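Engineer: here's a sequence, model it:
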Amino acid sequence: MRRGRIFIFLALILILILVVVFLYTSGILFPQAPSEEVAEATPIPPEPMVEVVIVTQRVNRGQRLDESVLGLVPYRQVDFREDMYTNISQPIGQRAKVDLEPGFILSSNMLTASAAELSSTGSDAALLIPPGKVAVSVPIDRISSVSYAPQRGDHVNVIVTLLFVEADQEFQSRLPNLSAQVLGPQVTEELSSLAAQAVGGEGNSYIGRGVEDPVLGQTFYALPSESQRPRLVSQTLLQDVVVLQVGEFPRVDETAATTTTAAVDQTVEEAQPAPAQTQAETTTTTTLPLPTEITLIVSPQDAITLNYLLFNNGARLTFALRSADDSSIVQTEAVTLQFLLDQYNIPIPVKLPYVVEPRVDTLPGPSYQVEPVEEPVE
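Structural biologist: Model prediction:
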């Protein structure tokens, strides 16, 4: 009996040992912290690039291209077009159809192999307009054009200024409306004239409003002393717009002969020695007319907007010249009289018991005298 109990205790101890070993080996009794695997950052593959041919210095229309004016720069492959050049040897020997500025990416439609094609059908300006864009001309003067500073290739902002007045929705005329006398069926013209004299005169007058005088305690019928004053507002209309031309484009009949002749004879002139100068050079001056229009490269919708504003006599367009390295778009606020007073902390003058003499009712605008620009021509 005693021996049987000993066997039972030994069996229980053995079973307990086996359970502990099982729990330990399976990780249930002493769970181990899972090892943290550091995920390696997936490297971002570099964007595919391709080298394209650019102009490294100014190339005039009709000039033949060589290695001295060409270079290669990396360009995004997704933006690459089939008409671009990837080898400097490809455009060598061809002539420029238009004036090319440094950094301009060459394409096949800008070059020609023959000088005779320089005066073929189609304008040179159309070659500089990107697909999906159009060109539209806008009148300018000295003030609106930053004193004629913008040139071809510059970027500008277009600012619009408008005048708003309240109008009668049915008549589509400026408020206030005019009042007129209505003759009743039994009223003669003689009685009507007497009534008109009684109210102070004949003819139409503005429709006013009743005003209660706090001192006299009476109601007066107030009429406006002048017509409605328009309310002024200015806002940025377009940003980062490319200038295609300032002033008129050169006419084909004015430049074709001299440009083509110079392009054809360029090689011959370089080969021949310069003739000896037998007489003193004479210098003359010519007067350059000031430009009266600027041509912008815009979207088709913006072209319609500018066209609408051109036919609106109350709209005025002003151009702000942008930095050559700035292509940002800034959210601007429209400027009104209230914005001007609040933003720049301009107080409304207080009515004082004294004034400045002499009386000033208007502020004269800036005056300047336009002088012709003369440049020497050899």
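Engineer: now the helices: where do they sit in the stretch 51-200 of the chain?
Structural biologist: 189-198 (DSSP state H, counting those that start in this stretch).
Engineer: where do the strands sit along it?
Structural biologist: Using DSSP state E, counting those that start in this stretch, the strands found in the stretch 51-200 of the chain span residues 70-76, 95-96, 111-112, 134-139, 155-164, 167-168, 173-174, 178-179.
Engineer: partner strands of the last one and their direction?
Structural biologist: In other words, strand 178-179. strand 205-206 (antiparallel) (DSSP bridges).
Engineer: before we move on, back to that, looking at the strands of the stretch 51-200 of the chain, spot the one closest to Leu232.
Structural biologist: Closest approach to Leu232 among the strands of the stretch 51-200 of the chain is made by strand 155-164 (6.0 Å; C-beta to C-beta). Where C-beta positions appear, they are placed from N, C-alpha and C, glycine not excepted.
Engineer: tell me how far the closest one is from the chain's mean position?
Structural biologist: Relative to its chain's centre, strand 155-164 lies at 10 Å (C-alpha atoms, centre = their mean, to the nearest Å).
Engineer: given that strand, what are its sheet partners and their directions?
Structural biologist: Its sheet considered, strand 155-164 pairs with strand 231-246 (antiparallel), strand 316-321 (antiparallel) by DSSP bridges.
Engineer: run through who's touching stretch 152-164.
Structural biologist: Outside stretch 152-164, the residues that touch it by C-beta atoms under 8 Å, 6 or more residues apart in numbering are 99, 101, 150, 230-246, 296, 306, 309, 312, 314-322, 324, 326-327.
Engineer: and these, which are buried?
Structural biologist: For those, a burial check counting by 16 or more other C-beta atoms under 10 Å picks out 99, 150, 234, 236-239, 241-246, 296, 306, 309, 317-319, 321-322.
Engineer: what's the domain layout of this structure?
Structural biologist: Following automatic domain parsing, one finds the domains of the chain at 47-121, 129-169+228-250+288-352.
Engineer: quickly, which of those bottoms out on average pLDDT?
Structural biologist: Note on these: domain 47-121 shows the lowest mean pLDDT, a mean of 84.
Engineer: coming back round to it: of the domains of the chain, which stretch is the most buried?
Structural biologist: Among the domains of the chain, the stretch with the highest mean neighbour count (mean count of other C-beta atoms under 10 Å) is domain 47-121, at a mean of 15.
Engineer: helix or strand for Glu47, which one?
Structural biologist: Under the criterion DSSP states H and E, no helix or strand holds Glu47.
Engineer: what's the closest non-adjacent residue to it?
Structural biologist: Excluding its sequence neighbours, the residue lying closest to Glu47 (C-beta to C-beta, 6 or more residues apart in numbering) is Arg76, at 6.4 Å.
Engineer: I'd assumed Met49 was in contact with the one you found.
Structural biologist: Yes - between Arg76 and Met49 there is a contact under C-beta atoms under 8 Å: 6.4 Å.
Engineer: and the nearest residue to Ser108 once chain neighbours are set aside, how far from Phe164?
Structural biologist: In space, Ser108 comes closest to Asp83 once its chain neighbours are excluded; the distance is 4.5 Å by C-beta to C-beta, 6+ apart. Per C-beta to C-beta, to the nearest Å, Asp83 is found 48 Å from Phe164.
Engineer: check contacts around the residue nearest to Gln63 when sequence neighbours are not counted.
Structural biologist: Sequence neighbours aside, Ala96 is the residue nearest to Gln63 in space, at 5.5 Å (criterion: C-beta to C-beta, 6+ apart). Going by C-beta under 8 Å, 6+ apart, Ala96 touches Val59, Asn60, Arg61, Gly62, Gln63, Leu65, Met110, Leu111.
Engineer: surely the fourth one meets Gln94?
Structural biologist: It stands for Gly62. No - in this structure, Gly62 is not within contact of Gln94 by C-beta under 8 Å, at 11.0 Å.
Engineer: one step back: would you turn the strands paired with strand 155-164 into TSV with distance to Ser123?
Structural biologist: Output for the strands paired with strand 155-164, formatted as TSV (distance: least, C-beta to C-beta, whole Å):
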stretch	distance to Ser123
strand 231-246	11
strand 316-321	23
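Engineer: understood, closing this out.
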